[in-house]
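> Take a look and give me a structure for this.
(one chain, ligands or ions: 1)
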Amino acid sequence: MLACRRLNSLELKGFFIPLLLGIDIGGTKVALALGDERGRVLERARRPTNPTEHPADDLARIAEDARALLARADVTPNDVACVGVSAPGPIDAQGETLLHPPNLPGWGEVPVRAILADALGLRVHVENDANAAVLAEWRFGAGRGYDDVVYLTASTGIGAGLVLGGRLHRGHAGNAGEVGHAPVEWEGLPCACGQRGCLEAYVGGAAWTRRLRAITPATSAVARIAGGSQQARPEHVVAAAGEGDPFARSEMERFNRYLARAIVTLAFVVAPEVVVLGTIPASAGEALCFAPLREHVAEQVWPVLGRDLRIVPAALGSELPDYAGLCAAREGLETRSR
Ligand SMILES: [Zn+2]
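Residues are numbered from 1 along each chain as shown. Next up, the predicted model:
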């Protein structure tokens with residue numbers, strides 16, 4: 001009877017029952033969110049990831065966090081339909097095992113789904129973080145209302161995911177949409193993935209930071225804002241370009257041109273209605289990134305594909321991890337029912 005009254009009170013607050021539990025395991029932060037498939041969040045928690053050489057112990061701590069979150073919300077595991085995990089790739093095609101994720105040093109092959117399912121006694125569904133992010137922006141962010149959405153985020157690396165025809169597109173072996181590692185220069189710069197000429201080697205945050213430390217003039221506003229050329233990072237370029245600094249402007253132009261190459265390829269291959277861009281582009285904004293980017297894309301893409309193509313900033317910002325986890329959970333339910 002008690003459980004019945006409590007669920008009713010959640011429903012009265014507008015929550016859709018049963019609930020979903022989202023866990024976003026990032027390189028720096030773990031974010032947990034208890035909510036529903038409509039994106040309403042009942043309870044959330046965040047803490048530093050601090051990955052160790054013992055991923056099973058790290059995951060046991062995450063399971064403890066999840067139990068604490070449920071207790072805080074006065075919800076029992078029985079009230080949770082599915083746990084969704086958004087985790088850094090690569091992940092095997094079955095969605096079982098993380099395969100040496102570069103963003104979690106010390107983690108090798110980690111059967112994350114089975115470990116968390118055993119620890120929590122709940123159904124667990126794992127998506128790579130880029131897939132979870134495209135689902136989140138599609139259902140609750142800048143991609144809402146469209147059927148064909150590309151999400152591309154330029155942070156440390158480049159993550160990308162595709163929703164095509166109103167469904168997550170996984171492709172063969174589940175890694176479709178890894179645009180960050182499609183070449184923008186043949187035989188170009190070496191990439192952390194082992195290939196050459198990848199988009200990530202040109203506009204990924206880590207690669208761009210290395211470049212900036214090698215070439216930033218000491219007299220530029222980038223160096224002044226960063227506190228020296230050796231501290232220069234992409235966000236300092238964004239800030240200095242906003243002041244009109246010529247070096248920063250030329251770096252933004254280079255960034256936009258390389259990003260445009262990837263978007264042109266995407267436009268021809270999957271003809272999205274909207275391309276949603278996170279992190280660096282979202283912080284650079286309209287004048288420094290989106291307006292020139294749209295122009296570069298329009299120069300290279302057929303009008304029939306480019307005319308209605310929207311290129312927009314991501315909308316979820318710092319709440320993305322909450323929605324990514326919840327969307328992974330919802331994907332788990334829908335995958336089961338298919
Ligand atoms: Zn690469």
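
> Could I get the full set of helices for the stretch 1-150 of the chain?
For the stretch 1-150 of the chain, helices defined by DSSP state H, counting those that start in this stretch occupy the ranges 2-12, 55-72, 112-120, 129-140.

> Point out the other helices and strands that the last one packs with.
It stands for helix 129-140. Under the contact criterion of 3 or more C-beta pairs under 8 Å, 6 or more residues apart in numbering; DSSP states H and E, helix 129-140 touches strand 80-87, strand 149-154, strand 158-164, strand 167-168, strand 274-279, helix 320-337. C-beta coordinates here come from the backbone N, C-alpha and C atoms, glycine included.

> mind checking which of the helices of the stretch 1-150 of the chain is nearest the ion?
helix 129-140 (13.7 Å; C-beta to the ion).

> what residues does that closest one touch?
24, 26, 39, 84, 86-89, 127, 143-144, 146, 149-151, 153, 159-163, 168, 170, 177-178, 276, 278, 314-316, 320, 323-328, 330-331 (C-beta atoms under 8 Å, 6 or more residues apart in numbering).

> Also stretch 237-252?
By C-beta under 8 Å, 6+ apart, stretch 237-252 touches 208, 212, 216-217, 220-222, 224-225, 236, 255, 280, 283-284, 288-289, 292.

> for L164, what are its contacts?
147-148, 270, 272.

> So of those, which two are at opposite extremes in space?
D147 and V270 (11.5 Å; C-beta to C-beta).

> Tell me how far the closest residue to the ion within the stretch 1-150 of the chain lies from P183.
Proximity of the stretch 1-150 of the chain to the ion (C-beta to the ion) peaks at P102, 10.5 Å away. Distance of P102 to P183, given as C-beta to C-beta, to the nearest Å: 19 Å.

> I'd like the distance between P292 and C193.
In terms of C-beta to C-beta, P292 sits 27 Å off from C193.

> what about these two, which has more around it?
Neighbour totals were compared for P292 and C193, and P292 leads with 19 against 15 (other C-beta atoms under 10 Å).

> Report the contact partners of that one.
Here P292 is in contact with 252-253, 256 (criterion: C-beta under 8 Å, 6+ apart).

> likewise G95?
Counting by C-beta under 8 Å, 6+ apart, G95 has contacts 113, 125-127, 174.

> rewinding a little: would you list the helices and strands packed on helix 129-140 in JSON lines and tack on distance to A60 and mean pLDDT?
Output for those, formatted as JSON lines (distance: least, C-beta to C-beta, whole Å; pLDDT from 0 to 100):
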{"stretch": "strand 80-87", "distance to A60": "14", "mean pLDDT": "97"}
{"stretch": "strand 149-154", "distance to A60": "29", "mean pLDDT": "93"}
{"stretch": "strand 158-164", "distance to A60": "27", "mean pLDDT": "93"}
{"stretch": "strand 167-168", "distance to A60": "29", "mean pLDDT": "96"}
{"stretch": "strand 274-279", "distance to A60": "31", "mean pLDDT": "96"}
{"stretch": "helix 320-337", "distance to A60": "18", "mean pLDDT": "92"}
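
> So which of the ones you listed is nearest the ion?
Comparing those by C-beta to the ion, strand 158-164 comes nearest, at 8.4 Å.

> Next, see if the closest one gets close to the ion.
No: counting by C-beta under 5 Å from the ion, the ion is not contacted by strand 158-164; separation bottoms out at 8.4 Å.

> Could you list the low-pLDDT ranges of this structure?
1-8, 336-338 (pLDDT under 70).

> quick one, longest helix in it?
helix 246-270 (DSSP state H).

> any idea of the angle it forms with strand 158-164?
Using axes from the mean of the first three to the mean of the last three C-alpha atoms, to 10 degrees, the inter-axis angle of helix 246-270 relative to strand 158-164 is 30 degrees.

> Only the buried residues of helix 246-270, if you could.
247-249, 251-252, 255-256, 258-267, 270 (16 or more other C-beta atoms under 10 Å).

> how many other residues sit next to K13?
9.

> Do I have it right that S86 meets P321?
Yes: at 7.0 Å, S86 and P321 qualify as touching, with contact defined as C-beta atoms under 8 Å.

> So for these two, which sits in the more crowded spot?
Neighbours were counted for S86 and for P321 using other C-beta under 10 Å; S86 has more, 30 against 26.

> so what's that one up against?
Applying C-beta under 8 Å, 6+ apart, we find S86 in contact with 22-25, 127-129, 132-133, 321, 324-325, 327-328.

> make it 7 Å
By C-beta atoms under 7 Å, 6 or more residues apart in numbering, S86 lies in contact with 24, 127, 129, 132, 324-325, 328.
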